[in-house]
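Colleague: Pasting a predicted model and its sequence here:
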Amino acid sequence: MTFADRILTIDRRWIFLVVAVALTVPFFLNVTCKSRVSPEVRTLFAAVEALRPNSKVLISFDYDPASEPELNPMAEAFLKFAFTRRLKLIMLGLWPQGPLEVDRNLARVFEDEQIRALDLQYGIDYVNLGYQSGNEFAIQGMGASIHNVFPADVRGTPTGDIPIMQDVQNFSNIDFVFNLSAGYPGTVEWVQVAADRFGVTLGAGNTAVQAPLAYPYLGAGQLTGLLGGMKGGAEFEELTGFEGKATKYMVSQTAAHLVVILFIVVGNAAFFATQRRARKLGGDA
Amino acid sequence: MVFSDWLSLQVAALLTLGIVSFLYKDNPFYKICESIFLGISAGYWFVVLFWENMVPKLYDNIALMTSDPVTGAGVPRVLYVIALILGIMMLMRLFPKLGWLSRWPLSVVVGATAGLWFLTYLNSNALVQLRATLLPIVAFAAIRSGEGTGLVSWFGKYLGNLTIIIGTVTGLIYFYFSKEHRGVFGQTARIGIYFLMVTFGASFGYTVMSRMSLLIGRIDFLITEWWPSVTAGWM
């Protein structure tokens, strides 16, 4: 058996093991990975940076714990950046676990000394409106009245009694919408209803598996900016200066990708080598 | 760390390791973890759908009723009663003899969805996208602005628009099946296939990144949260 044959019949568990090692070893090394910031991340950053203090930003957390490794770093960096810009944040979820993700991210954000020093007040600087079912119909309803779709926040306070919500009726009172999405309902629905129907300025952070679906909207100007997967998160962290888990994880991510590329190259080389030998043997016969 | 937090970390780690153990080979530990996941998911979604949809969207609306503008007496909200009847008809699928009744609510759902989203999809996914492909062959505005340097920026300015135009036209030609793909038409369709392959390749790359990210998340949990809890124990 030649080397090429051995490569083609290798037990797939060896591949799993090598990938696992490539992912794990960087955790024990003091290595960082610099990301080149892509234009779609830069435009999102610029759009948020251009907002004046006290602008209203609506953030929809449309994901669950399964997508936390990709979307939490984006959420954390976005929240920190928005708070330091003194933006007013209205947070909600169209996924049942969305409001829980809001709380988990806020808890981590408030561990930061710089954010704690801002002395942010619930109801005045930020609010968690909770979950509402209805998917795209909930978004459509918010175009008419956010108060009707979310009659109370997660603490049970009537939306009309919350200071941050008193001059907010619908999307026309929102300066920017940021959607963190892992599927349906998510960025596609926010583009179709909020951006295209109500003219909302929309940015998004997507899981990598979903990002290719959102890119056409970016090219057509329906999305202001897009953070695609962990790399998008790392780029945003770099721009905002709030380096977090995405930057840390990118070393493992890069190592794993190099291993995958190496296996693809070696596997293809072995495949073509065996094909060539088979043809040669066939010709000799 | 209190005992309940410590215990939840151990359970989470055990379940993570149990699921990952499938990569070695199928085993009872994996089967147990898979069954726990399926059972909890089904229970969780049942509760969510019941309390977030059935109760506030249906029961509350029927129970609260509206008041008659003349007499002031409570009258049922007819539309919600119709929705309830349609919902019950949908469940008739469970009874073979009455299964045909479920076709009516199904037709309402299909018809309403098609009607509601026809314009949305036509606008967002067709007209706006089509407009975005009506581009100058060379991006003169970007060249004049002088922004960006390097190969990627150069490509974007001089060849980016051209690539979009060629990709759109050849991709559409590939999906035109009323004419046989031969000669110049066939060659153009072949270029469309290359564009599709690049698209699928990019999607595959992103999918790999997504799946690796999930694994990184679990490894991070095991290293930074679970292992310290094992060594420290609970207090």
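Modeller: Nice, thanks for sending it over.
Colleague: Which single residue in chain B comes nearest to chain A?
Modeller: Minimum separation of chain B from chain A (CB to the nearest CB) falls at residue B:217, amounting to 2.8 Å. Quick note: C-beta positions are derived from backbone N, CA and C, even for glycine.
Colleague: Let me know the average pLDDT across the host helix or strand of residue A:40.
Modeller: Residue A:40 is part of helix A:39-49 when elements are defined by DSSP states H and E. On average, the pLDDT along helix A:39-49 is 96.
Colleague: and it, which residues are buried?
Modeller: Going by neighbour count (16 or more other CB atoms under 10 Å in any protein chain shown), the buried part of helix A:39-49 is A:40-41, A:43-45, A:47-48.
Colleague: how far away is the closest residue to residue A:229 other than its chain neighbours from residue B:206?
Modeller: Distances taken as CB to CB, 6 or more residues apart in numbering or on different chains place residue A:208 nearest to residue A:229, at 2.8 Å, with adjacent residues excluded. Relative to residue B:206, residue A:208 is positioned 4 Å away (CB to CB, to the nearest Å).
Colleague: Looking at those two, which is more packed in?
Modeller: Neighbours per residue (other CB atoms under 10 Å in any protein chain shown) separate residue A:208 from residue B:206, with residue A:208 holding more: 26 against 22.
Colleague: Does that one touch residue A:228 like I think?
Modeller: Yes - taking contact to mean CB atoms under 8 Å, the distance of 6.0 Å between residue A:208 and residue A:228 places them in contact.
Colleague: How many neighbouring residues does residue 199 have?
Modeller: All of this is about chain A. The local packing count at residue A:199 equals 11, with neighbours defined by other CB under 10 Å.
Colleague: meant chain B, my bad for not saying
Modeller: Burial of residue B:199 is recorded as 14 neighbouring residues (other CB under 10 Å).
Colleague: and it, that's in a helix?
Modeller: Yes - under DSSP: H, G, I helix; E, B strand; the rest coil, residue B:199 sits within a helix.
Colleague: and the nearest residue to it once chain neighbours are set aside, what element?
Modeller: Nearest non-adjacent residue to residue B:199, counting by CB to CB, 6+ apart: residue A:212, 7.5 Å away. Secondary structure assignment for residue A:212, by DSSP H and E: helix A:211-219.
Colleague: Just the C-alpha atoms of that helix, please, in CSV.
Modeller: The C-alpha coordinates for helix A:211-219 follow below in CSV (Å, rounded to 0.1, in the frame of the first residue of the first chain):
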residue,chain,number,x,y,z
ALA,A,211,-23.8,35.3,6.7
PRO,A,212,-23.8,34.3,3.0
LEU,A,213,-27.6,34.8,3.0
ALA,A,214,-27.2,38.3,4.3
TYR,A,215,-24.4,39.4,1.9
PRO,A,216,-26.7,40.2,-1.1
TYR,A,217,-28.6,42.6,1.1
LEU,A,218,-25.4,44.3,2.0
GLY,A,219,-24.4,44.8,-1.7
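Colleague: where does chain B dip in pLDDT?
Modeller: Along chain B, the model assigns pLDDT under 70 to residues B:65-76, B:146-149, B:235.
Colleague: could you redo the last one with a cut-off of 90?
Modeller: Applying pLDDT under 90 to chain B flags residues B:1-2, B:52-53, B:56-81, B:113, B:116-117, B:119, B:131-162, B:164, B:232-235.
Colleague: what residues does it put near chain A?
Modeller: Those residues of chain B that sit near chain A, judged by CB under 8 Å from any CB of the partner chain, are B:23-24, B:48, B:52-53, B:57, B:120-121, B:123-125, B:128-129, B:131-132, B:164, B:199, B:202-203, B:206-220, B:223.
Colleague: how about the helices in chain B?
Modeller: Residue ranges of the helices in chain B, as given by DSSP state H, are B:3-20, B:28-49, B:60-64, B:78-91, B:103-121, B:128-132, B:140-145, B:151-155, B:161-174, B:183-220, B:227-232.
Colleague: buried sites along the last one?
Modeller: Within helix B:227-232, the residues that qualify as buried are residue B:229, counting by 16+ other CB under 10 Å.
Colleague: next one: stretch A:162-181
Modeller: The neighbour-count check on stretch A:162-181 (16+ other CB under 10 Å) flags A:162, A:164-165, A:168, A:170-171, A:174-181 as buried.
Colleague: coming back round to it: report the set of residues contacting both of residue A:208 and residue A:228.
Modeller: Taking CB atoms under 8 Å, 6 or more residues apart in numbering or on different chains as the contact definition, residue A:208 and residue A:228 share the neighbouring residues residue B:206.
Colleague: Chain neighbours aside, what residue packs nearest to residue A:103?
Modeller: Counting by CB to CB, 6+ apart, the nearest residue to residue A:103 once its immediate chain neighbours are dropped is residue A:128, at 6.7 Å.
Colleague: The one you found falls within a strand, correct?
Modeller: Yes - secondary structure of residue A:128 (three-state DSSP): part of a strand.
Colleague: That one - how many residues pack around it?
Modeller: Look at residue A:128: counted by other CB under 10 Å, it has 23 neighbours.
Colleague: beta partners for it?
Modeller: Under DSSP bridges, the beta-bridge partners of residue A:128 are residue A:91.
Colleague: That one and residue A:100 touch, don't they?
Modeller: No - between residue A:128 and residue A:100 there is no contact, the gap being 9.6 Å when judged by CB under 8 Å.
Colleague: So what's the residue count around residue A:96?
Modeller: A count of neighbours around residue A:96, defined by other CB under 10 Å, yields 19.
Colleague: before we move on, what about the one 3 residues further on?
Modeller: Burial of residue A:99, expressed as a neighbour count using other CB under 10 Å, amounts to 20.
Colleague: And the helix or strand where it lies, what's buried?
Modeller: For residue A:99, the host element (DSSP H and E) is helix A:98-109. Residues of helix A:98-109 classed as buried: A:98-102, A:104-106, A:108-109 (neighbour count, 16+ other CB under 10 Å).
Colleague: Stretch A:249-265 too?
Modeller: By 16+ other CB under 10 Å, the buried positions in stretch A:249-265 come out as A:249-257, A:259-260.
Colleague: same for chain B: which of those are within range?
Modeller: Those of the buried residues of stretch A:249-265 which are also neighbours of chain B are A:249, A:252-253, A:256-257, A:260, as judged by CB under 8 Å from any CB.
Colleague: dump the residue contacts of residue A:62.
Modeller: With CB under 8 Å, 6+ apart, residue A:62 has these contacts: A:93-95, A:98, A:179-183, A:185-186.
Colleague: I meant residue A:197, not that one.
Modeller: Contacts of residue A:197 were listed using CB under 8 Å, 6+ apart, and they are A:140, A:143, B:120.
Colleague: same thing with residue A:130?
Modeller: Listed by CB under 8 Å, 6+ apart, the contact set of residue A:130 reads A:92-93, A:99, A:150, A:152-154.
Colleague: Just put those residues in JSON lines and tack on pLDDT and secondary structure.
Modeller: Written out in JSON lines, the entries for these read as follows (pLDDT from 0 to 100; DSSP: H, G, I helix; E, B strand; the rest coil):
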{"residue": "A:92", "pLDDT": "97", "secondary structure": "strand"}
{"residue": "A:93", "pLDDT": "96", "secondary structure": "strand"}
{"residue": "A:99", "pLDDT": "96", "secondary structure": "helix"}
{"residue": "A:150", "pLDDT": "95", "secondary structure": "coil"}
{"residue": "A:152", "pLDDT": "94", "secondary structure": "strand"}
{"residue": "A:153", "pLDDT": "95", "secondary structure": "coil"}
{"residue": "A:154", "pLDDT": "95", "secondary structure": "coil"}
